[in-house]
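Predicted model follows, preceded by the sequence.
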Amino acid sequence: MNRIGLICRTALPLLLCTPYAAAAQPAPRPAAPAPAPAPGEVDFSADRLVYDEAADLVTATGEVRMRREGYNLSADEVSWNRRTGAVTARGNVRIVSPGGDIAYGDSVELTDTLRDGVVANLLIVLEDGGRLAAIEGRRQDGVTTLTRAAYSPCAVLDEDGCPKEPTWQINAVRVVHDPARRRIYYEGANLNLFGRPIVGLPGLSHPDGSAPGGTGFLVPDVRISRSNGVEVRIPYYIRLAPNRDVTVAPHVFSGVAPMLEAEYRELNRLGAYQVRGFLTYGSRVPLDPVRLVPLGRDEGIRAYLEGNGRYQLDPLWSVTGSLRYVTDRTFLRRYDISRDDRLRSMVNAERVTRDSYVSIAGWAFQGLRIDDAQGQQPVVLPVVDARWRLEDPFWDGRIELQANSMSLLRTEGQDTQRAFASARWDRRGITAWGQELVLTGYVRGDVYHANDTLLTQTAIYRGREGWSGRAIGAIAADLRWPLVGEFMGGTQRLTPRLQFVASPPTENMDIPNEDARAVDLEDSNLFALNRFPGYDRWEDGVRLTYGADWALDLPGISFRSTVGQSYRLNRRPTILPPGTGLSDRFSDIVGRTNLRVGRRLNFVHRFRVDKDNLAVRRNEVDATFGSSRTYVSVGYLRLNRNIDTAIEDLRDREEIRLGGRVQVARHWSLFGSAVVDLTGPGDDPRSLADGFQPVRHRLGILYNDDCIELGVTWRRDYETTGDVRRGNTFLFRVALRNLGR
């Protein structure tokens, strides 16, 4: 829609040429393209040039071509009255702008000032495919006025080239373009949808496209939910400067008080950032975290604030930050802003060079689950991590040095401080038989301090009160032997892999565990030097890990598979909890399979099998089948690890996710998705699910063509938490191409 403003830069300004330069040109059309005329001059050609000395009238006829500063005009006849200065183009007038827009008209007449004039039966075909038609176009004092105009970005021809009614168009009695304000204004405008008038558009205006963006209303959103009733969101965009803007969006509800949403964005020479907030006044229902029952209602300000940005201070240093804060636990879900159950805020200053990395960061968390105690949520400030890489110090290896420190504080929980320094040496080589051998040496020294350890509920995470330290060392050898050959008309690659890791006994239980809790054996960490995530736990002992990768590539088919297991050579008790797949001398068997067939099928399966009874402890499937128009996706996860329920970070669960879309006609499609919690008491004794508990689902219908998108979505939530009630939500979506503000 913003391209409508090109009328003031196509039809009329093209003819604001200097006719004296045109008159000096010879009548015959040159055989080869002439060089571009100088600024202010007009280059033209015609079959015939006639000068009426009595009337002082110059007339060019027969395929007249005129060119000036990238604009091109063709017409059957162009005349210039030297007495009045009027210029007239008649018959199949066609004007092409430098941007590719084309304007058509029966005739173009300019006044003696050569700045004002009239275009009869105007049609402009914009470069993006949009069309603007008017009975008459008039330009006076720089302001362009169209009479009985219509605009549409939709196609007006079908596949067979026959005329058709555009999906939508805007009709107006008058359209006025004011270049000084860079806006286009409509009088008596209405929106026609599928050939019928739908709604009047009083006061409609928008930017003319001569500058990016512009102040104005955006397309509103409408939804209906059980918690809030009918909701209408009316966004208003304000362009403060080419690099700054604000969007203010009031939310009006039939069931609760209104809410105000605002977003500010800015781009400057250092980087970009944006801030968004929601504010309302209402009642909420806090819950007892133990009995999960309402504690009564209270009223007050409810708000949510988020922001993020990144600044590049110089070629090496950058700063990244994000902020998220909400006044209460249920606000985000109540107003359908987010379903996150934990908010994270962070700031990170980084320095990156070819061989070094330094990060100084801070983190803060806000828990939104019912049983989250905010005093137990950590504030981590600062976290300093510095690394240096030394190439080829000896024996063609590579050394990486690391220094790390962390301070973690809680208002009602355990505080932990940590610092360590480490050095790692890696050497990669190829043996005479084509095997890849990676040798690793690792040393590290840690210092920890902890206080209020008894406030941590899980005993194995506490560590020792006060100061503690430890030394870590490890050596490893990782051998891969890729074997490549032909198979079934394609190429296969079988890569057996063997890893040896030896690490002396390490003090772990005296050390607090803040970042290495969610340990689980997976294909991604099977060959890791330390299978614990984070730094606070270290897997010591001597072990062998073995497995194989198999890859098969056929025309249009790609298959990848990985499987492996590890064995501890020493009998020293491990600190890995039972159920993680790593607590016995033989680990469980883990693997991953990935199958891709063209663009139609993508299948990923991750598994962990109990090494004693072959029970499936982890079964995870993600599959997508179909095209971009019609497809189905399935996700399934079952964690059956039988882990002690006191370890809250490793709960068992089961769920299934379904989604899909069906193209029922060229422009019509149906879509839907569902999430079902299959967790039962046998999986997690603390779970309240009954083994088949729908979480939410949605169904919708969508119409989408080249210039409009119409959709209706029905979503149902099955969980009631505080003032968030289970029930239905209906979302209505309308998106018109080029029409936004």
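That came in fine, so what should we check first?

Strands of the stretch 501-650 of the chain, start to end?
For the stretch 501-650 of the chain, applying DSSP state E, counting those that start in this stretch gives strands covering 541-554, 557-568, 589-597, 601-609, 616-626, 631-639.

Including distance to Ala257, could the ones you listed go into JSON lines?
Backbone N, C-alpha and C define where each C-beta goes, glycine included. What follows is the strands of the stretch 501-650 of the chain, written out as JSON lines (distance: least, CB to CB, whole Å):
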{"stretch": "strand 541-554", "distance to Ala257": "59"}
{"stretch": "strand 557-568", "distance to Ala257": "54"}
{"stretch": "strand 589-597", "distance to Ala257": "50"}
{"stretch": "strand 601-609", "distance to Ala257": "46"}
{"stretch": "strand 616-626", "distance to Ala257": "42"}
{"stretch": "strand 631-639", "distance to Ala257": "38"}
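
Ok, which of those strands comes nearest Val108?
Of all those, it is strand 631-639 that lies closest to Val108, at 52.0 Å by CB to CB.

What residues of the closest one count as buried?
631, 633, 635-639 (16 or more other CB atoms under 10 Å).

and what of stretch 387-398?
Within stretch 387-398, judged by 16+ other CB under 10 Å, the buried ones are 387, 397.

List the neighbouring strands of the helix or strand that contains Glu655 plus their orientation.
Assigned by DSSP states H and E, Glu655 belongs to strand 653-663. Strand 653-663 pairs in its sheet with strand 631-639 (antiparallel), strand 668-677 (antiparallel), by DSSP bridges.

Let me know which of those is the nearest to Thr330.
strand 668-677 (19.2 Å).

C-terminal to the helix or strand of the chain with the lowest mean pLDDT, what's the next element?
The weakest-scoring helix or strand in the chain, judged by mean pLDDT, DSSP states H and E, is helix 19-23 (a mean of 33). Next helix or strand after helix 19-23 toward the C-terminus (DSSP H and E): strand 43-45.

from the middle of its chain, how far away would that following strand be?
How far strand 43-45 lies from its chain's middle: 51 Å, per CA atoms, centre = their mean, to the nearest Å.

same thing with stretch 220-231?
With CA atoms, centre = their mean, you get 25 Å for stretch 220-231.

State the mean pLDDT of that stretch.
For stretch 220-231, the mean per-residue pLDDT is 91.

okay, how far is it across that stretch, tip to tip?
Taking CA to CA, to the nearest Å, stretch 220-231 runs 10 Å from one end to the other.

buried ones in that stretch?
Residues 221, 223-225, 227-228, 231 are the ones in stretch 220-231 that count as buried (16+ other CB under 10 Å).

bridging residues for Ala477?
Here Ala477, judged by DSSP bridges, has bridge partners Leu439, Phe500.

So for it, what pLDDT did the model give?
For Ala477, the pLDDT comes out at 98.

what residues are up against it?
Applying CB atoms under 8 Å, 6 or more residues apart in numbering to Ala477 gives the contacts 437-440, 499-500.

Now do Val108: how many residues are near it, please.
25 (other CB atoms under 10 Å).

Just give me the closest of the buried residues of strand 631-639 to Val664.
Val664 lies nearest to Tyr631 out of those, by CB to CB, at 13.7 Å.

The closest one and Thr624 touch, don't they?
Yes: counting by CB atoms under 8 Å, Thr624 is a contact partner of Tyr631 at 6.1 Å.

what helix or strand does the residue sitting nearest the centre point of the chain sit in?
Relative to the mean C-alpha position of the chain, the nearest C-alpha, by CA atoms, centre = their mean, is the one of Asn308, at 13.8 Å. Counting by DSSP H and E, the element that carries Asn308 is strand 298-312.

Could you do Trp388 as well?
Going by DSSP H and E, Trp388 is part of strand 379-391.

Which strands border that strand, and is each parallel or antiparallel?
Using DSSP bridges, strand 379-391 pairs in its sheet with strand 356-367 (antiparallel), strand 398-409 (antiparallel).

Turn the ones you listed into CSV, columns for distance to Tyr151 and mean pLDDT.
Shown next, in CSV, are the strands paired with strand 379-391 (distance: least, CB to CB, whole Å; pLDDT from 0 to 100):
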stretch, distance to Tyr151, mean pLDDT
strand 356-367, 48, 97
strand 398-409, 59, 96
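
I'd like these laid out as a markdown table, including distance to Asn570.
A markdown table is the format used below for those (distance: least, CB to CB, whole Å):
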| stretch | distance to Asn570 |
| --- | --- |
| strand 356-367 | 35 |
| strand 398-409 | 27 |
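
So, low pLDDT: which residues of the stretch 101-250 of the chain?
Filtered on pLDDT under 70, the stretch 101-250 of the chain yields the residue ranges 110-116, 126-129, 142, 206-214.

one step back: out of the buried residues of strand 631-639, who's nearest Asn704?
When the buried residues of strand 631-639 are compared for distance to Asn704 (CB to CB), Tyr631 wins out at 15.3 Å.

May I have the beta-bridge partners of that closest one?
Tyr631 forms beta bridges with Gly626, Arg661, as assigned by DSSP bridges.

mind listing what it touches?
624-625, 660-661.

count of neighbours near Pro163?
Pro163 has 7 nearby residues by other CB under 10 Å.

Verify the contact between it and Leu157 for me.
Yes: at 6.3 Å, Pro163 counts as touching Leu157 under the criterion of CB under 8 Å.

circling back: who touches the strand holding Glu655?
Outside strand 653-663, the residues that touch it by CB under 8 Å, 6+ apart are 626, 629-640, 669-680, 683-684, 687, 695.

Mind doing that once more with 7 Å?
Residues from elsewhere that reach strand 653-663, judged by CB atoms under 7 Å, 6 or more residues apart in numbering: 629-639, 669-679, 683-684.

For that strand, which residues meet the burial criterion?
Buried residues in strand 653-663, counted by 16+ other CB under 10 Å: 653-657, 659-661, 663.

Could you do stretch 236-247 as well?
For stretch 236-247, a neighbour-count test (16+ other CB under 10 Å) marks 237-239, 245-247 as buried.

Now do the strand holding Trp388, average pLDDT.
Here the average pLDDT along strand 379-391 is 94.

count of neighbours near Ser628?
Using other CB under 10 Å as the criterion, Ser628 is surrounded by 8 other residues.

Same question for Glu306.
By other CB under 10 Å, the residues close to Glu306 number 20.

His667 versus that one, what's the distance?
36 Å (CB to CB, to the nearest Å).

what pairs with the strand holding Asn308, and is each one parallel or antiparallel?
Strand 298-312 has these strand partners (DSSP bridges): strand 271-284 (antiparallel), strand 317-326 (antiparallel).

which stretch in those has the least confidence?
Lowest mean pLDDT within the strands paired with strand 298-312: strand 271-284, at a mean of 94.

List every C-alpha atom in it, with coordinates, as PDB.
These are the backbone C-alpha positions of strand 271-284, laid out as PDB (Å, rounded to 0.1, in the frame of the first residue of the first chain):
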ATOM      1  CA  GLY A 271      24.100  -1.800  17.700                       C
ATOM      2  CA  ALA A 272      20.400  -2.300  18.300                       C
ATOM      3  CA  TYR A 273      18.000  -2.900  21.300                       C
ATOM      4  CA  GLN A 274      14.300  -3.100  21.900                       C
ATOM      5  CA  VAL A 275      12.100  -2.900  25.000                       C
ATOM      6  CA  ARG A 276       8.500  -4.100  25.400                       C
ATOM      7  CA  GLY A 277       6.100  -3.900  28.300                       C
ATOM      8  CA  PHE A 278       2.500  -4.700  29.300                       C
ATOM      9  CA  LEU A 279       0.600  -2.900  32.100                       C
ATOM     10  CA  THR A 280      -2.800  -3.400  33.600                       C
ATOM     11  CA  TYR A 281      -4.700  -3.300  36.900                       C
ATOM     12  CA  GLY A 282      -6.600  -6.400  38.000                       C
ATOM     13  CA  SER A 283      -7.000  -9.200  40.500                       C
ATOM     14  CA  ARG A 284      -5.000 -12.400  40.700                       C
END
